[in-house]
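K.L.:
prediction below, plus the sequence it came from.
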Amino acid sequence: MAADHLTVSLSRRVTNGAMKALCTVAAVFASSMLLLLLGYVLVNGIRYVNWEFLTTLPKPLGEEGGGMANAFVGSFIMVGLASVWSIFVGIGTGVYLAEYAGQRTGPSIRFIADVLTGMPSVVIGIFGYAMLVVPMGTFSALAGAFSLGVITLPIIARTTEENLRLVPRELREASLALGIQRWRTIVSIVVPTAGAGLTTGAMIVVARAMGETAPLIFTALGNRFWAESLTSPTAALTLNIFQYAVSPYDQWHQQAWAASFFLLAIVLVLNVGARALAGQALRR
């Protein structure tokens, strides 16, 4: 019996050590891929960054210099517009799912949100093209913002629901016991308590929207000049990176690397900020 016990214990320790080693190798491999990506983009991109790149428009073919000022502005405009409407609607949807949804409507809405989250971005781009570009008769920043908002909407809705469910029910019950109306309890107590988590979710979806390309190909199209209005074709960083990277011109390749560096830096800052807020909320 003792020998059998020792054999089982040794087998468990060996299995545990082997699985721990495999998990460590997997973690190191995943981390090394991220570090390799960051380092490769940093080395190839930062050397082409200069003030002209940030403040001037693209130059015609054959002329040296030029930048992507219009692409920076266009990306911020479309991501900003998409965030405004998708975060507003998404938080409202998340509040409904967490506080009001019943056994019939709740699962259906969650299923729709989960399916929409996994929808290929190129399909959402075609949807935005059919919904806005075709009726308006032009590519535009509004169409681009609509497509980006459709991508981020289900993410913020599900993130909001999960964060609201983490708020202790005792807080709701105490507020209701004092005679405060349910909607007032949600607005004044539940949502502020989950504020850090909601902010984290918002930053994550903004980072997701910044990196999308396929929807903008079908909706914003791109522009080598300043956009005249929100209803005209608009440049974006991801669009310029795609167009410049597949071109045969070395100067465009250099600018694509520089734009990739800035895009990666923006996304990295947003993700680090989201992690910091999440850690702060967890400590509280």
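P.N.:
Arrived safely.

K.L.:
quick check: Met203 touching Ala274?
P.N.:
Yes. The pair formed by Met203 and Ala274 meets the contact definition of C-beta atoms under 8 Å, at 4.2 Å. Just so you know, the C-beta spots here come from the backbone N, C-alpha and C atoms, and that holds for glycine as well.

K.L.:
packing partners of the longest helix anywhere in the chain?
P.N.:
Among all segments of the chain classified by DSSP state H, the helix with the greatest residue count is helix 2-45. For helix 2-45, the packing partners by 3 or more C-beta pairs under 8 Å, 6 or more residues apart in numbering; DSSP states H and E come out as helix 250-283.

K.L.:
low-confidence ranges in this structure?
P.N.:
1-6, 8, 281-284 (pLDDT under 70).

K.L.:
now the helices: where do they sit in it?
P.N.:
In order along the chain, the chain carries the following helices (DSSP H): 2-45, 51-55, 69-99, 105-117, 121-128, 134-136, 141-165, 169-177, 182-185, 191-193, 195-210, 214-219, 237-245, 250-283.

K.L.:
looking at those helices, which is closest to Leu230?
P.N.:
With C-beta to C-beta as the measure, helix 141-165 is the member of the helices of the chain nearest Leu230 (4.7 Å).

K.L.:
quick check: buried residues in the closest one?
P.N.:
Burial within helix 141-165, assessed by neighbour count using 16 or more other C-beta atoms under 10 Å, is assigned to 141-161, 163-164.

K.L.:
residue contacts, Ser140?
P.N.:
Contacts for Ser140 (C-beta atoms under 8 Å, 6 or more residues apart in numbering) come out as 132-133, 219-220, 230-234.

K.L.:
picking that back up, let's have the helices of the chain in a markdown table, adding distance to Gly62.
P.N.:
A markdown table is the format used below for these (distance: least, C-beta to C-beta, whole Å):
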| stretch | distance to Gly62 |
| --- | --- |
| helix 2-45 | 23 |
| helix 51-55 | 17 |
| helix 69-99 | 20 |
| helix 105-117 | 45 |
| helix 121-128 | 32 |
| helix 134-136 | 34 |
| helix 141-165 | 29 |
| helix 169-177 | 65 |
| helix 182-185 | 63 |
| helix 191-193 | 56 |
| helix 195-210 | 31 |
| helix 214-219 | 26 |
| helix 237-245 | 15 |
| helix 250-283 | 10 |
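
K.L.:
ok, now which ones touch the closest residue in space to Gln243 that isn't next to it in sequence?
P.N.:
Once flanking residues are discounted, Gln243 sits nearest to Gly222: 6.6 Å by C-beta to C-beta, 6 or more residues apart in numbering. Contacts were defined as C-beta under 8 Å, 6+ apart; by that measure Gly222 touches 216, 233-236, 239-240, 243.

K.L.:
out of those residues, which are buried?
P.N.:
Judged by neighbour count, with 16+ other C-beta under 10 Å as the criterion, the buried members of those are 216, 233-236, 239-240, 243.

K.L.:
out of those residues, who's nearest Gly94?
P.N.:
If you rank those by distance to Gly94 using C-beta to C-beta, Leu216 comes first, at 26.1 Å.

K.L.:
these two touch, right, that closest one and Ser147?
P.N.:
Yes. Proximity of Leu216 to Ser147 meets the contact threshold set by C-beta under 8 Å, at 7.2 Å.

K.L.:
common neighbours of the two, please.
P.N.:
Listed as contacting both Leu216 and Ser147 by C-beta under 8 Å, 6+ apart are Gly125.
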